[in-house]
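# no sequence on this one, just coordinates:
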């Protein structure tokens, strides 16, 4: 299902799709790894805060970089009406299959439309910046794959130029091997892959508390606003981190 909005295109049409992989913020379907510590409604509210931050981050990047084409890869497929306010975005429904199937499908559709490639990200890494996005877009425009890994062995952003879809093949999604397998695929197929330092993926309760601690002293008004919103949702300081869960599954965009 392909919902096309009119978008600003660069003059030579050599655009890069900035693809936000997103779920509808339905309680019980998002941020489920938080549920031992918070209610499903609170988990959904946290996800929605992260989703709106990711949306505004992408829109800021697109406002300053005319090569960026904004694309929302949404789930569930019948939720198109829930995204009606996303007027700047091309909208693609996520098909059936694993994450690799969904990303490859989007890449195939978008590269048919004079797009040089895709930069995929999810909404679970609120410390991504416009610098990360612009860097990845620049790499894809040079036919170079780009990755921002996460600390759990996955990645929070992957840039895939036309012809680089092999990086999405045969990946053990939601494991600590995601980034390593992507690197191996690039090396095996002679594909250039560059990386930036890891960025935290916020899946678990202790991740969330640590994020709040890092952002409290930020000079950014946007960061401080997120801290205020998160502490309000969590009703801190009553909420405390429980670091007993030491097992981490890898996350990639949209997982």
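The structure has been received and is ready for your questions. No experiment lies behind these values; they were computed from the predicted model shown.
# Tell me the buried residues in stretch 171-180?
171, 173, 178-180 (16 or more other Cβ atoms under 10 Å). In short, each C-beta sits where N, CA and C put it, glycine included.
# my guess is residue 136 meets residue 144, correct?
No: counting by Cβ atoms under 8 Å, residue 136 does not reach residue 144; the two are 9.6 Å apart.
# ok, residue 145 - contacts?
139, 158-161, 164, 167, 186, 191-194 (Cβ atoms under 8 Å, 6 or more residues apart in numbering).
# Roughly how far does it sit from residue 118?
Residue 145 sits 11 Å away from residue 118, going by Cβ to Cβ, to the nearest Å.
# Return every residue with contacts to both of the two.
Counting by Cβ under 8 Å, 6+ apart, the residues touching both residue 145 and residue 118 are 159-160.
# Do a quick rundown of the strands in the stretch 51-200 of the chain.
Assigned by DSSP state E, counting those that start in this stretch, the strands in the stretch 51-200 of the chain fall at 68-75, 90-93, 115-121, 145-149, 155-161, 193-195.
# what lines up beside the first one in the sheet?
Just to be clear, that refers to strand 68-75. Next to strand 68-75 in the sheet, as set by DSSP bridges, lie strand 15-23 (parallel), strand 90-93 (parallel).
# tell me the mean pLDDT over the shortest one?
To tie it back to what came earlier, the one meant is strand 90-93. Mean pLDDT, strand 90-93: 96.
# re earlier: between residue 136 and residue 144, which is the more surrounded one?
Higher neighbour count among residue 136 and residue 144: residue 136, with 30 against 18, using other Cβ atoms under 10 Å.
# residues touching that one, list them.
Residue 136 touches 119, 146, 148, 157, 159, counting by Cβ under 8 Å, 6+ apart.
# just to revisit the earlier point, top of the contacts of residue 145 by number of neighbours, please.
residue 160 (30 neighbours).
# Surely that one touches residue 143?
No: judged on Cβ under 8 Å, residue 160 makes no contact with residue 143 at a distance of 10.4 Å.
# got any residues that touch both of these two?
With Cβ under 8 Å, 6+ apart as the test, residue 160 and residue 143 both reach residue 117.
# pull the longest helix from this structure.
helix 40-64 (DSSP state H).
# mean confidence for that helix?
Averaging pLDDT along helix 40-64 yields 97.
# what's the answer for stretch 14-25, then?
Mean predicted confidence for stretch 14-25 is 95.
# How about the residue nearest the centre of the chain, nearest residue that isn't a chain neighbour?
In the chain, the centroid-proximal residue (Cα atoms, centre = their mean) is residue 122; its distance is 1.6 Å. Distances taken as Cβ to Cβ, 6 or more residues apart in numbering put residue 253 closest to residue 122, at 3.7 Å, once the chain neighbours are dropped.
# Surely the one you found forms part of a helix?
No: secondary structure of residue 253 (DSSP: H, G, I helix; E, B strand; the rest coil): coil, not part of a helix.
# What's the per-residue pLDDT of it here?
pLDDT, residue 253: 74.
# now that we're looking at it, which residues does it contact?
Residue 253 neighbours (Cβ under 8 Å, 6+ apart): 21, 99, 103, 120-122, 155-158.
# Reformat those into TSV and put distance to residue 89 next to each item.
What follows is those, written out as TSV (distance: Cβ to Cβ, whole Å):
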residue	distance to residue 89
21	12
99	20
103	17
120	14
121	14
122	15
155	22
156	20
157	18
158	19
